[in-house]
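Asker: no letters, just coordinates:
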Ligand SMILES: C[C@](O)(CO)[C@H](O)COP(=O)(O)OP(=O)(O)OC[C@H]1O[C@@H](n2ccc(N)nc2=O)[C@H](O)[C@@H]1O
Ligand SMILES: Nc1ncnc2c1ncn2[C@@H]1O[C@H](COP(=O)(O)OP(=O)(O)OP(=O)(O)O)[C@@H](O)[C@H]1O
């Protein structure tokens with residue numbers, strides 16, 4: 001039985017940061033074996049879902065020129081609808097805050113929030129494991145957003161080991177350049193030979209294997225990192241272009257953001273052990 005609900009539900013699709021990112025090798029299918037630490041930020045896109053009893057799916061709002069069929073929100077909704085043979089549809093409105101191609105996982109997070117929300121709203125009742133198995137078809141980063149917990153990822157990024165981290169504050173800077181994930185992962189100069197971690201790793205000592213190549217290809221990323229490093233330990237996230245500096249208080253992070261050169265954009269947010277999408281979804285369905 002489905003539980004149709006016509007009241008709109010708004011959920012966040014949070015940003016992720018890769019607190020380190022190691023590339024251990026390349027598989028025959030072209031995908032890379034990774035070790036990376038994912039955390040979520042209390043900052044992201046907003047998605048508003050309104051269920052309808054027709055099977056059509058619409059995506060409106062800040063679609064930024066992405067064709068409906070290419071939008072990861074639409075792809076996620078269709079995938080779930082087909083997988084569950086669901087007769088309902090949805091109107092989905094997007095408020096985009098996350099820079100596209102920024103390394104903060106905006107597209108993957110939008111897809112995961114869509115799967116999480118419609119799974120509940122359409123009454124599909126898939127487990128998180130089943131949703132993650134569907135989600136990985138849309139992108140290697142989707143399962144971590146479905147899992148919803150700070151985690152070390154292995155494999156292509158889909159094998160997750162939940163961990164606890166103390167809360168930090170981050171100043172995230174987008175240096176205006178769009179970096180194609182595919183371009184970085186197919187580049188001959190990418191470092192792909194970092195050995196697997198030993199048990200006693202410390203986040204602060206570990207870097208991002210994509211950083212040297214992206215800095216070479218995108219001078220603005222190098223400049224943004226140099227600028228952030230004046231204030232605090234800083235790294236690039238994912239395949240860039242966003243870079244982040246870590247602080248123990250919000251005030252310290254805001255002080256740095258206030259001095260951001262005008263040519264760049266940025267935001268301050270705290271980390272969250274549990275994805276804010278899960279927190280909001282759990283609160284909504286407990287209230288019902
Ligand atoms: C680099 C990270 O952002 C770290 O969080 C992700 O692993 C990328 O995840 P994503 O954007 O969801 O990646 P996908 O959309 O699946 O793939 C984008 C491109 O990156 C390459 N790719 C991705 C993940 C991975 N482990 N190895 C890869 O080589 C894929 O071949 C593809 O050409
Ligand atoms: N809803 C969406 N939001 C953002 N990008 C989307 C969306 N749907 C499709 N895309 C496509 O996905 C591409 C990657 O977008 P995204 O913002 O996830 O990159 P990213 O932050 O670098 O991701 P990652 O860190 O996972 O590599 C975009 O360039 C865009 O063409």
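Answerer: Now that the structure is in, tell me what you want to look at. The structure presented is a predicted model; accordingly, all values stated were derived computationally and were not measured. Ligands and ions are numbered 1, 2, ... in the order given.

Asker: for residue 58, the count of nearby residues, please.
Answerer: 15 (other CB atoms under 10 Å). Bear in mind the C-beta positions are built from the backbone N, C-alpha and C, glycine included.

Asker: quick one, what contacts residue 13?
Answerer: By CB atoms under 8 Å, 6 or more residues apart in numbering, the contact list for residue 13 reads 44, 45, 46, 47, 98, 106, 109, 110, 112, 113, 145, 277.

Asker: repeat that with 7 Å
Answerer: Applying CB atoms under 7 Å, 6 or more residues apart in numbering, we find residue 13 in contact with 44, 45, 47, 109, 110, 113, 277.

Asker: do the same with residue 55
Answerer: By CB under 7 Å, 6+ apart, the contact list for residue 55 reads 81, 87, 88, 89.

Asker: only the buried subset of those residues, as a PyMOL command please.
Answerer: Buried residues within the contacts of residue 55, by 16 or more other CB atoms under 10 Å, are selected in PyMOL with:
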select buried, resi 81+88+89
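
Asker: go ahead and confirm residue 171 touches residue 259.
Answerer: No. Here residue 171 does not reach residue 259: they are 9.9 Å apart, not a contact under CB atoms under 7 Å.

Asker: looking at those two, which is more packed in?
Answerer: residue 171 (27 against 10).

Asker: show me what the helix or strand encompassing that one packs onto, helices and strands only.
Answerer: When elements are assigned from DSSP states H and E, residue 171 belongs to strand 169-174. Under the contact criterion of 3 or more CB pairs under 7 Å, 6 or more residues apart in numbering; DSSP states H and E, strand 169-174 touches strand 243-247, helix 250-257, strand 265-272.

Asker: now residue 158. Nearest residue, chain neighbours left out?
Answerer: Leaving out its chain neighbours, the residue that sits closest to residue 158 by CB to CB, 6 or more residues apart in numbering is residue 143, at 4.5 Å.

Asker: in what helix or strand does that neighbour lie?
Answerer: Secondary structure from DSSP H and E places residue 143 in helix 142-147.

Asker: quick one: mean pLDDT over that helix.
Answerer: What helix 142-147 shows for mean pLDDT is 97.

Asker: where does whichever residue of the stretch 51-200 of the chain sits closest to ligand 2 sit, in terms of helix or strand?
Answerer: Going by CB to the nearest ligand atom, ligand 2 is nearest to residue 107 of the stretch 51-200 of the chain, at 2.8 Å. In this assignment (DSSP H and E), residue 107 forms part of helix 106-121.

Asker: need the contact partners of the helix or strand following that helix.
Answerer: As assigned by DSSP H and E, the chain's next helix or strand after helix 106-121 is helix 128-135. The contact list for helix 128-135, computed with CB under 7 Å, 6+ apart, reads 79, 80, 83, 111, 112, 115, 116, 119, 142, 143, 146, 147.

Asker: again with stretch 38-48
Answerer: 8, 10-19, 73, 92-98, 106, 109-110, 113-114, 144, 150-151, 153, 165, 170, 267, 269-272, 275-276.

Asker: so which of those residues reach ligand 1?
Answerer: By CB under 6 Å from any ligand atom, the members of the contacts of stretch 38-48 lying near ligand 1 are residue 18.

Asker: does residue 11 touch residue 117 like I think?
Answerer: Yes. Under the criterion of CB under 7 Å, residue 11 makes contact with residue 117 at 5.5 Å.

Asker: how much space separates residue 25 from ligand 1?
Answerer: Distance, residue 25 to ligand 1, by CB to the nearest ligand atom, to the nearest Å: 10 Å.

Asker: please apply the same query to residue 125.
Answerer: In terms of CB to the nearest ligand atom, residue 125 sits 25 Å off from ligand 1.

Asker: what distance do you get for that residue to residue 83?
Answerer: Going from residue 125 to residue 83 by CB to CB, to the nearest Å gives 12 Å.

Asker: swap in residue 157?
Answerer: Distance, residue 157 to residue 83, by CB to CB: 21 Å.

Asker: who has more neighbours out of these two?
Answerer: A direct count of neighbours by other CB under 10 Å for residue 157 and residue 83 places residue 157 higher, at 26 against 16.

Asker: contacts only, for the residue of the stretch 1-150 of the chain found nearest ligand 1.
Answerer: Going by CB to the nearest ligand atom, ligand 1 is nearest to residue 139 of the stretch 1-150 of the chain, at 2.9 Å. For residue 139, the contact set (CB under 7 Å, 6+ apart) comprises 107, 108, 111.

Asker: repeat for residue 81
Answerer: Taking CB under 7 Å, 6+ apart, one finds residue 55 in contact with residue 81.
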